[in-house]
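>>> sequence and predicted structure below; questions after.
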Amino acid sequence: MRIAIDFDDTIFNKKTRAPMENAVDAINKLARDNEITIFTNRPDYQYPDVEAMMIAWGIRYDRIICGKPSYDLFIDDKAQKFTSWK
């Protein structure tokens, strides 16, 4: 399965500047049997910052995509509302 995970406020808590609670373990568990893409609306020049945080926290992933399309509303048949990693 291919899984895309948003970075800001899904993996990275912008208020605490640390990973969201349980994010590291949950993502690494998903990465055992799945392809993980981290995506963010951050511009391309912030790719090294995102990559450095992922490496420092030990989060497994296959690729990072910067520059997610920015819209007011996404309609997607595979979307799932994120509430927490618990």
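That came through fine. Numbering: from 1, shown residues only.

>>> would you map the strands across this protein?
2-6, 12-13, 18-19, 35-40, 63-66 (DSSP state E).

>>> elements contacting the second one?
Here strand 12-13 touches strand 18-19, going by 3 or more CB pairs under 8 Å, 6 or more residues apart in numbering; DSSP states H and E. C-beta here means a position set from N, CA and C on the backbone, and glycine is covered the same way.

>>> what's in contact with the strand it packs on?
Contacts to strand 18-19, defined as CB atoms under 8 Å, 6 or more residues apart in numbering, come from residues Ile11, Phe12, Asn13, Trp57, Ile59.

>>> quick one: which of these is most hemmed in?
Within the contacts of strand 18-19, most neighbours by other CB atoms under 10 Å means Ile11, with 23 neighbours.

>>> quick one, phi psi at that residue?
Dihedral pair for Ile11: phi -100, psi -50, per degrees, to the nearest 10.

>>> quick one: it and Leu73, what's the gap?
Ile11 sits 22 Å away from Leu73 when distances are taken as CB to CB, to the nearest Å.
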